[in-house]
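A.B. asks: Just the structure for this:
(chains A and B)
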Amino acid sequence: MSATASLFWLARHELRLSWRDAMAMMTGGRRARLIGWIVGGLAVYALITLIAWFSIRPWVEAGALIDPQVLLVVSGMGLLFWAVTLSQALEAVTRVYYARSDLDLILSSPTPGARIFAIRAGAVFVATFALGVLLISPLVTALVFQAGWHWLSAYLLLAALAALSVAIAMGITRLLFHLAGPKRTRLLAQIVAGIVGAGFVIGIQAAAILSHEGFSRLAFFQSADILASAPDADSLLWLPARAAMGDMPAALLLLCCALAILGVTIALVAPSYGRLASAAAGLNHVRRPRRASAHAFAPATQRQALRRKEWKLLQRDPWLLSQTLMQLLYLVPPALLLWVNYGAGDGTFIVVVPVLVMASGQLAGGLAWLAISGEDAHDLVSTAPLSQSTILRAKVESVLVVIALVLTPLLLMLAVTAWPMALITALCAAVAAGAATAIQLWFRVTAKRSMFRRRQNASRAATLCEAFSSIMWAGTGALWAAGSPLLVLPAIAALGVLGLARLIAPKNA
Amino acid sequence: MPAALALSGLTKSFDRPVVRGVDLTIAGGEFYALLGPNGAGKTTILRMVAGLLKPDSGAISIFGVDALADPVAAKRLMAWVSDEPMVYDRLTPLEYLDFVAGLWQVEPDRARRTAHELIDWLGLAPHANDLCGGFSKGMLQKVALAGALVHDPRLIILDEPLTGLDAGSARQVKDVLRQKTQAGVTVIMTTHILEVAERMAERIGVIAEGRLIAEGTLAELRARIGRETTLEEIFLDLVARGSQAA
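C.D. replies: The predicted structure is shown next:
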């Protein structure tokens, strides 16, 4: 390379890094694992495609009628999907500014910062699009085979949504830099990402709860009130829904518009990249004086010292918010349901129990990873005069206390109106949190806290076990709340998942 | 009085033998430098002493405490400082020292006093309440060293503590270590800066291919190779002989 790096050369560099990163995360350095990934991935993909195939079959056989009702549901679900896409794009764009270890090297080279930004924005777009393809392709494949190739238009719409998401994310991030400066942009962007990701879902659920006293988003979109206020079938507002449902010209039009918006946004935002990324990187060298704690050097046991340290680090973790905010925001609808139904009978709350249990398990998994695996001074703690079991116990305690703090207000609200429900929720949430923590304990690997976002990639097995365990405990809670003896089935399944996790966990962990 | 550190027949293998039957005795209050080329096994030996690695065979005794049978009692007596400072980005130096004092169960008043003394001594006072995340490598290493000293260990193990330090910071660290040995603390240090070993260590051990191939005072090592020369020459000569013998 004689001149400064070309766009193509930079794109190839990014692609190579991403590819090797992905391979390393999937295989953990062992090539044999890749075969397992391919076989397992294809099996899961085939199963989901099969489910999609049979789910849409009656609708296709009935003539695939596209009326305002269908357009409304597709638009609503599309908006939900897009909100999550936008949230992920926002987080990814923030990382382009803040979390690249090679920024010093690249920005000190003669390559223009704007060119680097263009490539990285393109990479965010490709990653966002690819994730969407992975999620919707079973459904689209089933539709293409049963109803015709024009259903491929859904991919064009997906590309348009990804481009629009990345463009909006870049605009928001740039605006935040302008309004709040590099010091606060990272935090604010995470809050915006969390609110955008969960906000639409919560908004719809809140509307459903307030208007129908129910929890279903689908039922909300199908309700007569919403349908009555929807525009005519030939309205331009239905363009995205039509594009998703096989209207190729509509999809192409939307894609062209979105790509144009993305191109213009990159052109507008890219010139300031070098300056802003340098300012963001400079934050690492900025002293942040803190007031000395009044509790410093107070008498404490070894476990107390460890717990205090964990809580301080959790409180100050710059990326924690983006990883847990959505989980916390999802607790808003059940809280609203509790508030709306204050004084009602037990039956109303059955739906709340699994949500709280699930949130508890997921939150515990994340925090347990940070406390147990994400130990930045592993050697220090390991050379301290205390047993490994004491260290682990203190870390587990620190996680469970945080979960308890988050759940307690909701449990108290529940207890006021239906104490048996509160008891069931508390028990199941404690078990779900304990199970998620145990899984993180069994699969622990020493890592930097900054690797938190990638913890799912470090062990897919742990992530899947954690998710299935939380789902099963949530199911147990729901059936218990409903008074069904079938509760033993998900409970046994959850214990089975735990047993399996123990079995497949690395023995030297 | 038992030796500060006694190793006998210490072995460790990963995919190949890394430490092969090392016997070593270091007296209390001694400054001992462990030298060796990259991959010789120095860090592995020290990590086994610090309780971070389990040896395949052999014995480790720290002030008479069997470190393999009672690791917690042994850890109470020592401190470990590695070349990568073990510091939390999101704690201040004072909070870090508070945490370390808590782990070693130092009496709170004494911990507070010692922490402030160390902070002053190492020139960290202006940054005592700044998050460590913005610190230079030298400052982080000084915070880590303060952490190692806050619980008054009788044995300090340092693995390349001067790597990446500027001249001023290196001088401060060396002064602290010298004062500690004068106060009776035992120091074992690995270093690639032979001038430091030459000037500070009372005895020097040379490791090659996982074996302790020579040890003694500088004069004894000179006598061993039969000429009056620098430690650098002695080291290179001994390592070359050790490699030929292996």
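
A.B. asks: Pick out the residue of the stretch 401-509 of chain A closest to chain B.
C.D. replies: Of all residues in the stretch 401-509 of chain A, A:Arg449 sits closest to chain B, at 8.0 Å by C-beta to the nearest C-beta. (C-beta placed from N, C-alpha, C; glycine too.)

A.B. asks: Now that residue: closest residue in space, sequence neighbours ignored.
C.D. replies: Counting by C-beta to C-beta, 6 or more residues apart in numbering or on different chains, the nearest residue to A:Arg449 once its immediate chain neighbours are dropped is A:Gly374, at 4.0 Å.

A.B. asks: Can you verify my assumption that that neighbour contacts A:Ala447?
C.D. replies: Yes. The criterion here is C-beta atoms under 8 Å, and A:Gly374 meets it with A:Ala447 at 5.8 Å.

A.B. asks: Show me which of the two is the more surrounded one.
C.D. replies: A count of neighbours by other C-beta atoms under 10 Å in any protein chain shown puts A:Gly374 above the other of A:Gly374 and A:Ala447, at 22 against 18.

A.B. asks: What about the more buried one? Give its phi and psi, please.
C.D. replies: phi -80, psi 60 (degrees, to the nearest 10).

A.B. asks: okay, now the residue of the stretch 401-509 of chain A closest to chain B: neighbour count?
C.D. replies: Neighbour number of A:Arg449 under other C-beta under 10 Å is 21.

A.B. asks: Go ahead and confirm it touches A:Glu310.
C.D. replies: No. Using C-beta under 8 Å as the test, A:Arg449 is too far from A:Glu310 to be in contact (10.9 Å).

A.B. asks: ok now do residue 148, which residues does it touch?
C.D. replies: Using chain A here. Counting by C-beta atoms under 8 Å, 6 or more residues apart in numbering or on different chains, A:Gly148 touches A:Gly246.

A.B. asks: Sorry, I should have been clearer: chain B.
C.D. replies: Residues near B:Ala148 by C-beta under 8 Å, 6+ apart: B:79-81, B:156, B:158.

A.B. asks: ditto for A:Leu65
C.D. replies: Contacts of A:Leu65 (C-beta under 8 Å, 6+ apart): none.

A.B. asks: can I assume B:Gly21 sits in a helix?
C.D. replies: No. Counting by DSSP: H, G, I helix; E, B strand; the rest coil, B:Gly21 is not part of a helix but strand.

A.B. asks: how much space is there between it and B:Arg241?
C.D. replies: 18 Å (C-beta to C-beta, to the nearest Å).

A.B. asks: Identify the residue of chain A closest to chain B, quick one.
C.D. replies: Closest point on chain A to chain B, by C-beta to the nearest C-beta, is A:Ala305, at 2.5 Å.

A.B. asks: Need the nearest residue in space to that residue, chain neighbours excluded.
C.D. replies: Counting by C-beta to C-beta, 6+ apart, B:Gly102 is the residue found nearest to A:Ala305 once chain neighbours are left out, at 2.5 Å.

A.B. asks: Return the residues in contact with that neighbour.
C.D. replies: B:Gly102 neighbours (C-beta under 8 Å, 6+ apart): A:300-302, A:304-306, A:308.

A.B. asks: where's whatever residue of chain B ends up closest to chain A, which helix or strand?
C.D. replies: Proximity of chain B to chain A (C-beta to the nearest C-beta) peaks at B:Gly102, 2.5 Å away. Using DSSP states H and E, B:Gly102 maps to helix B:93-103.

A.B. asks: What backbone torsions are found at A:Pro110?
C.D. replies: phi -80, psi 0.

A.B. asks: burial measure for it, as a count.
C.D. replies: The burial count for A:Pro110: 7, using other C-beta under 10 Å.

A.B. asks: Low-confidence stretches in the stretch 51-200 of chain A?
C.D. replies: A:64, A:99-101, A:104-105, A:199-200 (pLDDT under 70).

A.B. asks: residue boundaries of the strands in it?
C.D. replies: Assigned by DSSP state E, counting those that start in this stretch, the stretch 51-200 of chain A shows no strands.

A.B. asks: Would you mark the buried spots in stretch A:103-120?
C.D. replies: A:103, A:106-107, A:111, A:113-120 (16 or more other C-beta atoms under 10 Å in any protein chain shown).

A.B. asks: same question, stretch A:364-383
C.D. replies: Quick answer for stretch A:364-383 (16+ other C-beta under 10 Å): A:364-377, A:379-383.

A.B. asks: quick check: mean pLDDT across it?
C.D. replies: Here stretch A:364-383 scores 86 as its mean pLDDT.

A.B. asks: export that stretch as CSV, just CAs?
C.D. replies: Below are the C-alpha coordinates for stretch A:364-383, written out as CSV (Å, rounded to 0.1, in the frame of the first residue of the first chain):
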residue,chain,number,x,y,z
ALA,A,364,-28.6,-12.1,38.0
GLY,A,365,-26.8,-13.8,35.1
GLY,A,366,-25.3,-10.5,33.9
LEU,A,367,-24.3,-9.3,37.3
ALA,A,368,-22.9,-12.7,38.3
TRP,A,369,-20.7,-12.7,35.2
LEU,A,370,-19.4,-9.3,36.2
ALA,A,371,-18.7,-10.3,39.8
ILE,A,372,-17.4,-13.8,39.2
SER,A,373,-15.7,-13.8,35.8
GLY,A,374,-15.1,-10.1,35.2
GLU,A,375,-12.5,-9.8,38.0
ASP,A,376,-9.9,-7.2,36.9
ALA,A,377,-7.5,-8.0,39.7
HIS,A,378,-7.8,-11.8,39.7
ASP,A,379,-4.2,-12.3,41.0
LEU,A,380,-4.7,-9.9,43.9
VAL,A,381,-7.9,-11.6,45.1
SER,A,382,-6.3,-15.1,44.6
THR,A,383,-3.2,-14.2,46.6
